[in-house]
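# Could you look at this predicted model? Sequence included:
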Amino acid sequence: MKNRNRTRVRVVVWVVAISYMIGAPVAVYLELHGHTLSERFDLPAGLIYFTSAIQFVCSIVLLLPRFTILSSALLTLIALGAVASHLRIGSPLTALPALAYVAVQIWIIVVERRHRVRPENPG
């Protein structure tokens, strides 16, 4: 049963990682071809590029079991920044997807941490 739970957690980690691997380049593309994000959120374009690069790198590192907690924590901070940006411009409903990412990433951190503190018994 525990192996099944580990498999489920790894599937969720892969889904989150792939969504960031797709989303980060899209954000860069939108910024390069129209300053869509920097104008909407009144943020410097450099910040958009920087956070997108961090998201992409963390999404790759998220797939390495040893670094899952660290990369999930960094992605959670970036998602919280996205929530704050949406709230700052007065658009709370569009912050809901970022809040969902925060919830899933915190769940990943808790489950991975619990697994490290109480490892599975091999027999």
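Yep, that arrived.
# Nearest the geometric middle of this protein, what residue?
residue 75 (3.8 Å; C-alpha atoms, centre = their mean).
# centre of the chain versus the helix or strand containing that residue, how much separation?
Element membership for residue 75 (DSSP states H and E) is helix 68-88. Per C-alpha atoms, centre = their mean, to the nearest Å, the displacement of helix 68-88 from the mean C-alpha position of its chain is 7 Å.
# next helix or strand past that helix?
Defined by DSSP H and E, the subsequent element after helix 68-88 is helix 96-117.
# Would you mind writing the CA trace of the helix holding residue 75 as CSV?
The C-alpha coordinates for helix 68-88 follow below in CSV (Å, rounded to 0.1, in the frame of the first residue of the first chain):
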residue,chain,number,x,y,z
THR,A,68,11.8,17.5,-4.3
ILE,A,69,11.2,19.4,-1.0
LEU,A,70,13.5,22.2,-1.8
SER,A,71,12.3,22.8,-5.3
SER,A,72,8.7,22.5,-4.3
ALA,A,73,9.3,25.1,-1.6
LEU,A,74,10.8,27.5,-4.1
LEU,A,75,8.0,27.0,-6.5
THR,A,76,5.5,27.6,-3.7
LEU,A,77,7.1,30.9,-2.9
ILE,A,78,6.9,31.9,-6.6
ALA,A,79,3.2,30.8,-6.7
LEU,A,80,2.5,32.9,-3.5
GLY,A,81,4.1,35.9,-5.4
ALA,A,82,1.7,35.2,-8.3
VAL,A,83,-1.2,35.2,-5.8
ALA,A,84,0.0,38.5,-4.3
SER,A,85,0.3,40.0,-7.8
HIS,A,86,-3.2,39.0,-8.7
LEU,A,87,-4.6,40.4,-5.5
ARG,A,88,-2.6,43.6,-5.9
